[in-house]
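Student: following is a predicted model, sequence given first.
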Amino acid sequence: FSESKRNMMDLLIDLDNTVYSESDAIFAQVDLKMKRFIAAELKVDYQKAYKIQKKYFKEYGTTLRGLMLHHNIKPKPFLDYVHDIDLSAIKKNLVLKNLLKSYSGKKIIFTNGTFRHAENVLKKVGIYECIDNIFDIVDAKYIPKPEKITYEKVVEKYKLLPPNTIMLDDIPSNLLTAHKLGVKTILIKKNNQLKYNYIDYISCDISEVINKLINGDIF
């Protein structure tokens, strides 16, 4: 083993649009189900429901957090409903599977979704058995990324050392919190034209990132 292989950093990996390619097919389903849930629960039309959904997402990191704070919505029915979707658009990724198998650092999924949704997605991608742990929205006590307290919980729970940890996510603001804690940051984003002073590396492909980390080409 080379020095870089022995001392691989620990990974905090986001789930949706990170472990699989950014997918309109998945996002559109969740988006529609959130709208339907809000419309039914708050007795508003779809247009109003959409505005509420986006407002809370922007303000709180998840739509659910806003619904819990302002409308006393119980999290489980919401999460069960919006994650009950067709995942057939997600393809197996054997390249990623083999790379993760040979990656010796901790591999932790850090998601604002549920454990069950993460499990389903990881099985579809074919990498479920390569992941060491899943930290979901229930573990976070429904306080989502990018809230600092949740990152501190993750670090504490898995005994991570921020300078020896890398976070991969498709949402820049989620990486900003990680950066402030001293964690290295990688944005997984298609067609990204922007530069961020708190993001260390940008790629449209998680497999390319893991390959470069194994070879010591990043960090």
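Tutor: Structure received. Numbers count the residues shown, from 1 in each chain.
Student: pLDDT at the residue nearest to residue 122 when sequence neighbours are not counted, what is it?
Tutor: Excluding the flanking residues, the one nearest residue 122 by Cβ to Cβ, 6 or more residues apart in numbering is residue 128, at 4.0 Å. Glycine gets a C-beta too; all of them are placed from N, C-alpha and C. With respect to pLDDT, residue 128 scores 98.
Student: and if you look at residue 201?
Tutor: We have a pLDDT of 97 for residue 201.
Student: so what does it look like in phi/psi?
Tutor: Note on residue 201: its backbone torsions stand at phi -160, psi 150 [degrees, to the nearest 10].
Student: and residue 185, that's in a strand?
Tutor: Yes. Membership of residue 185 in a strand is supported by DSSP: H, G, I helix; E, B strand; the rest coil.
Student: contacting residues around it?
Tutor: 166-167, 169, 175, 178-179, 198-201 (Cβ atoms under 8 Å, 6 or more residues apart in numbering).
Student: which of those sits closest to residue 47?
Tutor: residue 169 (29.9 Å; Cβ to Cβ).
Student: so where's the chain uncertain?
Tutor: Along the chain, the parts satisfying pLDDT under 70 run over 1-6.
Student: where do the helices of it begin and end?
Tutor: Ranges of helices in the chain, per DSSP state H, are 3-6, 24-42, 46-60, 63-71, 75-82, 94-101, 115-125, 148-157, 172-180, 206-214.
Student: which secondary structure elements does the last one sit against?
Tutor: Packing contacts for helix 206-214, counted by 3 or more Cβ pairs under 8 Å, 6 or more residues apart in numbering; DSSP states H and E, involve helix 94-101, strand 165-169, strand 184-188.
Student: try it again at 7 Å.
Tutor: On a contact count with 3 or more Cβ pairs under 7 Å, 6 or more residues apart in numbering; DSSP states H and E, helix 206-214 meets helix 94-101.
Student: also the fifth one?
Tutor: Secondary-structure packing of helix 75-82 (3+ Cβ pairs under 7 Å, 6+ apart): helix 24-42, helix 63-71.
Student: return the set of buried residues in that helix.
Tutor: For helix 75-82, the neighbour count (16 or more other Cβ atoms under 10 Å) marks 75, 78-79, 82 as buried.
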